[in-house]
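> Sequence first, predicted coordinates after that:
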Amino acid sequence: MTPREKSLYQQVHPVKLLVDVGSSLASTWLLWEARWISAAVVGFVPSVIVTLWLVAFADLERLRGSRLGAYVAQHMPGRIVALRGVGQLVVWAGAALHVAWLIPFGYFGIVLAWINGLWDPAPPLPPRP
């Protein structure tokens with residue numbers, strides 16, 4: 001598996017998803033509390049460490065062969081990953097500025113980016129092996 005493929009499939013590894021969701025929630029709360037340095041550390045460091053570890057050591061072949069892996073390969077180009085990032089920035093802006101409605105709005109944007117395959121004209125997912 002190439003480094004590019006590993007970078008793609010690590011996004012849907014359960015550990016990565018858990019760390020990203022946890023880091024997002026914790027860093028958002030820290031920003032609301034105006035704890036900027038802690039929020040930056042919590043918001044970025046765990047995700048980067050898990051990404052590096054998964055790309056270097058994890059066996060991601062099972063994910064590539066899964067329906068979720070096929071979905072990510074078809075519906076998660078760089079522009080969609082960037083939209084997920086923009087959604088997170090909206091969440092953080094809402095927390096930092098104490099504009100509460102921006103937080104769910106940003107999370108809604110992240111969810112829309114993840115489920116973009118529902119309206120993307122890419123071919124249907126192959127049957128599960």
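Thanks, I have the structure now.
> which stretches of the chain form strands?
Assigned by DSSP state E, the chain shows no strands.
> Quick check: which ranges of it have low pLDDT?
By pLDDT under 70, the low-scoring segments of the chain are 120-129.
> Helices along that one, start to end?
Under the criterion DSSP state H, helices of the chain are mapped to 3-9, 14-32, 36-57, 61-64, 67-75, 78-97, 102-114.
> if I pick the spatially closest residue to Val91 that is not a sequence neighbour, what's in contact with it?
Ranked by C-beta to C-beta, 6 or more residues apart in numbering and with sequence neighbours excluded, the top spatial neighbour of Val91 is Gly106, at 3.5 Å. The way it works is simple: take the backbone N, C-alpha and C, and place the C-beta from them, glycine included. With C-beta atoms under 8 Å, 6 or more residues apart in numbering as the criterion, the residues that contact Gly106 are Gly87, Gln88, Leu89, Val90, Val91, Trp92, Ala93, Gly94.
> Please identify, among those residues, the one with the most neighbours.
Val91 (25 neighbours; other C-beta atoms under 10 Å).
> Contacts only, for that one.
Ser24, Thr28, Leu102, Ile103, Gly106, Tyr107, Ile110.
> residues near the last one, how many?
Going back to what we said before, that points to Ile110. 20.
> wait, doesn't it sit right on Ala82?
No - the pair Ile110 and Ala82 does not pass the contact test of C-beta atoms under 8 Å, sitting 11.7 Å apart.
> how near is Glu5 to Ser27?
Going from Glu5 to Ser27 by C-beta to C-beta, to the nearest Å gives 28 Å.
> I figured Val19 was touching Leu52, is that so?
No - Val19 is not in contact with Leu52 according to C-beta under 8 Å; the separation is 11.9 Å.
> More neighbours: which of these two?
Neighbour tally, Val19 and Leu52, criterion other C-beta under 10 Å: the higher count belongs to Val19, 18 against 11.
> wait, what's in contact with the more buried one?
Residues near Val19 by C-beta under 8 Å, 6+ apart: Pro46, Ser47, Val50.
> By neighbours, which of those wins?
Val50 (20 neighbours).
> Identify the residue nearest that residue in space, chain neighbours excluded?
In space, Val50 is closest to Val19, 4.7 Å off (C-beta to C-beta, 6+ apart).
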